[in-house]
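Novice: Got a predicted structure plus its sequence, pasted below:
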Amino acid sequence: MRSGAVNLRAVLLWLAGMDLRLTLLAVPPVIPLIHRDLHLNESGIAALSNLPVLVLAGSSMFGALLTARLGARRALVAGLWIIAIASALRGAGPSVVTLFAATLVMGIGIALIQPAFPSLARSWFGAARSAFATGIWANGLLVGEALSASLTLPFVLPLVGGSWEKSFVAWSIPVALTAIALGAVRDPNGGDASAATNGAWLPDFRDRRVWLLGTFQSAASLTYFGANTFLPDFLHARGQPELVGPCLAALNIGQLPASFAVGFIPMRILGKRAVSLLVAALIVAAVIGVLAFGGAVTVIAAALLGFTGAYVLTMSFALPAIFAPPGEIARLAGGTFTLGYAFSFVTTLLSGVAWDATHAAAAAFLPMLAGAAIVAVLGPRLGALVRRSSAESPA
């Protein structure tokens, strides 16, 4: 394969990964403004922030169907257009109904394309470099989170006159541009590198790998989405609103090294028990840092939450392409996303309810400790499966 074609595919994969989160993570920075205009309580904010997560849980299996019928690249193009249009429509307000309805549709777009990424990574880069390709699009995803979280308050909001509605429209533009670019690219032979198949697409929930991967992925969502949802209001409640911007930026920028770790460190090392236990311990330390300290320690703890959550997430992205044959990757990934996001949505929503009921902000951070326990228990088991798969694969 020519280096120019490889580079083009890498760039497109990275951009598409960025668009998975660019519009989704534009919400946390403007949560106080939404509070002001729409009068949502903490349960409502938790529902808004995690509605796309619920949709990811309910629709990811249909993303596997879309990939099977259209091929991964064409599935990506279709989903990106849904994300771009729905994200822009969130700005047609202010209205609670419009905001939630458009967020729902945007979540469907994200759900439809996410299972395509592991298939496209393996198809475009081969089995031997699938983890490297996963690191590429996962890095794009993490950069997308960092950009929307860190640039919304200082750059995008002033650019659109302080309107949170218009900020959603602004973040939809890069998604539409990626859809155009990805739709225009063709393989050298004129076909689709990840062509449509007629194979099975419905996740097999009797497969223990689906449950292991889904539960493992939920630890990443519990850590990351929980922090994004509750950190802004937690800091306001503690009388430190000036830390919202720095903490959200640290949370998202702190994720970036995780994608490089998965992309460049061999899986036989990342799969070791000691690595999983270290990551679990770091999550616990970060939660303590947020709750017990202020100032710079809180910012550092937020960055640590970002790194650990992103590491678990990127590992869960890479594993389906290692565990499954090419025709089964989207199916396994769809089941993983369905379970992982379902667990995360329910737990995070209950955390918001607990905060409202007890008026204790610390209650909202308990799911992160549950995420640490999941990593400590399931990480070593998945690592053993990785080593077994590597041993069984031909050199």
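Specialist: Cool, got the structure. Numbers count the residues shown, from 1 in each chain.
Novice: From Pro29, how far out is Leu153?
Specialist: Using C-beta to C-beta, to the nearest Å, Leu153 is found at 5 Å from Pro29. Every residue, glycine included, has its C-beta placed from N, CA and C.
Novice: Which residues are in contact with each of the two?
Specialist: Residues touching both Leu153 and Pro29 (C-beta atoms under 8 Å, 6 or more residues apart in numbering) are 244-245.
Novice: which of the two has more neighbours?
Specialist: Between Leu153 and Pro29, Pro29 has the larger neighbour count (other C-beta atoms under 10 Å), namely 25 against 17.
Novice: didn't that one look like it was pressed against Cys247?
Specialist: No - Pro29 is not in contact with Cys247 according to C-beta atoms under 8 Å; the separation is 10.7 Å.
Novice: Can you report how many residues neighbour Arg388?
Specialist: When neighbours are defined as other C-beta under 10 Å, Arg388 has 12 of them.
Novice: Oh, that last question was meant for Pro154, not what I typed.
Specialist: 12.
Novice: secondary structure element for the closest residue to it other than its chain neighbours?
Specialist: Closest residue to Pro154 apart from its sequence neighbours, by C-beta to C-beta, 6 or more residues apart in numbering: Gly245 at 7.1 Å. Element membership of Gly245 [criterion: DSSP states H and E] is helix 244-253.
Novice: what's in contact with that helix?
Specialist: Contact partners of helix 244-253, identified using C-beta under 8 Å, 6+ apart, comprise 25, 28-29, 32, 142, 145-146, 149-150, 153-154, 224, 227-228, 231-232, 235-236, 298-300, 302-303, 305-306.
Novice: Could you list which of these belong to helices?
Specialist: Cross-referencing the contacts of helix 244-253 against helices under DSSP state H gives 32, 142, 145-146, 149-150, 224, 227-228, 231-232, 235-236, 298-300, 302-303, 305-306.
Novice: before we move on, the earlier item: and the helix holding Gly245, what's its mean pLDDT?
Specialist: Averaged across helix 244-253, pLDDT comes to 84.
Novice: Need the CA coordinates for that helix. CSV is fine.
Specialist: Extracted C-alpha coordinates of helix 244-253, given in CSV (Å, rounded to 0.1, in the frame of the first residue of the first chain):
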residue,chain,number,x,y,z
VAL,A,244,-14.5,24.7,35.9
GLY,A,245,-12.7,25.6,32.7
PRO,A,246,-9.2,24.4,33.8
CYS,A,247,-10.7,21.1,35.2
LEU,A,248,-12.6,20.3,32.1
ALA,A,249,-9.6,21.1,30.0
ALA,A,250,-7.4,19.0,32.2
LEU,A,251,-9.9,16.1,32.2
ASN,A,252,-10.0,16.0,28.4
ILE,A,253,-6.4,16.9,27.6
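Novice: Go through that helix and flag the buried ones.
Specialist: 244-253 (16 or more other C-beta atoms under 10 Å).
Novice: do the same with stretch 98-108
Specialist: Within stretch 98-108, the residues scored as buried using 16+ other C-beta under 10 Å are 99, 101-103, 105-108.
Novice: wouldn't Cys227 be in contact with Thr308 here?
Specialist: Residue 227: Ala, not Cys. No - at 10.3 Å, Ala227 does not count as touching Thr308 under the criterion of C-beta under 8 Å.
Novice: quick one on the thing from earlier: same list (the buried residues of stretch 98-108) but as JSON lines, adding distance to Ile329.
Specialist: Formatted as JSON lines, these follow (distance: C-beta to C-beta, whole Å):
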{"residue": "Leu99", "distance to Ile329": "34"}
{"residue": "Ala101", "distance to Ile329": "32"}
{"residue": "Ala102", "distance to Ile329": "31"}
{"residue": "Thr103", "distance to Ile329": "28"}
{"residue": "Val105", "distance to Ile329": "26"}
{"residue": "Met106", "distance to Ile329": "25"}
{"residue": "Gly107", "distance to Ile329": "22"}
{"residue": "Ile108", "distance to Ile329": "21"}
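Novice: In helices only, show me these.
Specialist: 99, 101-103, 105-108.
Novice: Return the member of those residues nearest to Ala72.
Specialist: If you rank these by distance to Ala72 using C-beta to C-beta, Ile108 comes first, at 17.6 Å.
Novice: can I assume the closest one is in contact with Ser59?
Specialist: Yes - under the criterion of C-beta under 8 Å, Ile108 makes contact with Ser59 at 5.3 Å.
Novice: Do me a favour and get the end-to-end distance for stretch 144-159?
Specialist: Distance across stretch 144-159, first residue to last, is 19 Å (C-alpha to C-alpha, to the nearest Å).
Novice: list the buried ones in that stretch?
Specialist: By 16+ other C-beta under 10 Å, the buried positions in stretch 144-159 come out as 144-153, 156-157.
Novice: Relative to Thr314, which of those residues is nearest.
Specialist: Relative to Thr314, the closest of the buried residues of stretch 144-159 is Glu145; by C-beta to C-beta it sits at 12.2 Å.
Novice: Quick check: the closest one touching Gln255?
Specialist: Yes - if you go by C-beta under 8 Å, Glu145 and Gln255 touch, sitting 6.5 Å apart.
Novice: Distance from the helix or strand bottoming out on mean pLDDT in the chain to the middle of the chain?
Specialist: Every helix and strand of the chain was ranked by mean pLDDT, DSSP states H and E. The lowest is helix 42-70, at a mean of 73. Here helix 42-70 is found 11 Å from its chain centre; the criterion is C-alpha atoms, centre = their mean, to the nearest Å.
Novice: sorry, back to before: heading C-terminal from the helix holding Gly245, find the next helix or strand.
Specialist: Scanning forward in sequence from helix 244-253 by DSSP H and E, the next helix or strand is helix 256-264.
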